[in-house]
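Undergrad: Please find the sequence and the predicted model below.
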Amino acid sequence: MRAIALSLLMIIALPTGRHAMAADSAASLIEAVSRAASNAGTWEAEGRLVIQESADEGSLQTEASFRVVIERVPSRRARIEITGVPAPLIQLCDGSVWAGYRPAAKQFWIVDDARIGPCEDPFNEWSGLAEDLHDAAITGREELHVGDTSIDCAVVRGDYGGSGRSGLRTLWIDDVTKTIWQYRIEGAPIAPPPQSPPFASTRC
């Protein structure tokens, strides 16, 4: 049995209006964070990416640092950097090309590709959580420590069924600001940090 879990612990900035509201249910909380992600024209996050893989022969955990910037206005594009690993990666998707650079290998590619998913995954799940996260429930509260800051979060868990994916999702949400501070994906398969595209020609 093979299982993979991916956790994102982040510092995130969503430049939208924030209003203190009581989290009276998981549904209302998910609706609020989904709406915030949908309405944000530009937002960014940085933090730690942890991938845990378990199989019959044992388990493996890898960690990396990341920073992502996603713009939807005036045009849709995204940029992600993955660092702190032997093969760091920078990717940019602007709606017409998918460009990537691996500094350690000095490898660079540009591929004609209108998708921005390779550069914003799994953050592209957030705007659709209100529809795609099923049987969501607040399972408790937990205090996260990010740098010198302590954040009191509601822990919400549910089954995800959107965009051809499935699996469990656990969200640590500041229910005052409606900010997701940690996002955990459980299931299989979950892709590791993206590689250079094997399916398209590269142009320089």
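TA: All right, it came through fine.

Undergrad: how deep is C153 tucked in, by neighbour count?
TA: Counted by other Cβ atoms under 10 Å, the residues lying close to C153 total 20. From N, CA and C alone the C-beta is placed, and that goes for glycine too.

Undergrad: can you pull the pLDDT of it?
TA: Note on C153: pLDDT of 93.

Undergrad: Against P122, how distant is it?
TA: Going from C153 to P122 by Cβ to Cβ, to the nearest Å gives 18 Å.

Undergrad: who's in contact with the lengthiest helix in the chain?
TA: Determined from DSSP state H, the single longest helix within the chain is helix 26-39. Residues outside helix 26-39 that contact it (Cβ atoms under 8 Å, 6 or more residues apart in numbering): 14, 16, 21, 23, 43, 123, 126-131, 133, 136-138, 154, 156, 158, 171, 173, 175, 178-180.

Undergrad: Now restrict the residues you listed to buried residues only.
TA: When burial is judged by neighbour count using 16 or more other Cβ atoms under 10 Å, the buried members of the contacts of helix 26-39 are 14, 23, 43, 123, 126-127, 129-130, 133, 136, 138, 154, 156, 158, 171, 173, 175, 178-180.

Undergrad: Filter the residues you listed down to just the ones in helices.
TA: 129-130.

Undergrad: Output the below-cut-off pLDDT ranges for the chain.
TA: Counting by pLDDT under 70, the chain shows low-confidence ranges at 1-24, 56, 188-204.

Undergrad: residue boundaries of the strands in it?
TA: Secondary structure of the chain, counting by DSSP state E: strands at 3-13, 42-55, 58-71, 77-83, 89-93, 97-102, 107-112, 133-146, 149-160, 167-174, 179-187.
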